[in-house]
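1. here is my input, please return the structure:
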Amino acid sequence: VGGPFNALGKKIFDERTETHSKDDPEGFCLPPGVPRMMYTPYPTEIFQMPDRILFIYEGGAHVWRIIWMDGRKQPVDPNPTYLGYSVGRWEADTLVVDTIGMNDRTWLDAAGHTHGEKLHVTEKFTRPDSNTLRLEATIDDPDYYTKPWTVVTTSRWAPGQELMEYICQENNKDLQHLVGK
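-> Below you'll find the predicted structure:
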């Protein structure tokens, strides 16, 4: 487990491992961030419109994400947010999403990989078959890693599945598991 850490990235990762990830922001009902948002066990609905693609997430604080598909460029100095600023394009049958402008309040995964506000994520969404969505995410953050690194995950389509209301803030049972050290 681990990306190509620099010394600071390794120090933070080791501290989070030592405390059993007790300070994981997702355990406190904060949005998981990018690309972690796609790794949660909750379903996502994706809507394609003429100028954008909209991701609506059941879990992770019940948030949405806009991928701008109208040819715009990234802002020069975006206001950092949990899910950042995303622009996308099609390369044949692959949706390529470029995201910057994320705050440093999320983790890249439950293991505790950190990132800062210089994080740049490039995601490639493909459909190897009609029931599978494959996501390849390349993480580039010079503050915590020595070079960009890539993770791959897949999701299965569930026919007839609908998003349910999910309110993490109410009676959060996960907090009792965040005992740490």
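2. do a quick rundown of the strands in this structure.
-> 44-48, 52-57, 64-68, 85-91, 94-100, 120-129, 132-140, 149-156 (DSSP state E).
3. contacts for the fourth one next, please.
-> Read it as strand 85-91. 34, 53, 65-69, 72-75, 78, 95-101 (C-beta atoms under 8 Å, 6 or more residues apart in numbering). Every C-beta, even on glycine, is put in place using the N, C-alpha and C of the backbone.
4. give me the low-pLDDT residue ranges for this protein?
-> For the chain, applying pLDDT under 70 flags the ranges 1-2, 169-181.
5. kindly recompute the last result at 90.
-> Under the criterion pLDDT under 90, the flagged ranges of the chain are 1-3, 20-22, 25-32, 37-43, 57-63, 110, 157-181.
6. let me see the contact set for T17.
-> Taking C-beta under 8 Å, 6+ apart, we find T17 in contact with 111-112.
7. next one: it from A111, what distance?
-> Distance of T17 to A111, given as C-beta to C-beta, to the nearest Å: 7 Å.
8. check T126 too.
-> According to C-beta to C-beta, T126 and A111 sit 25 Å apart.
9. neighbour count: the two, which is higher?
-> Neighbour count, other C-beta atoms under 10 Å: between T126 and A111, T126 has more, with 16 against 13.
10. the more buried one contacts T94, correct?
-> Yes: counting by C-beta atoms under 8 Å, T126 touches T94, with 5.0 Å between them.
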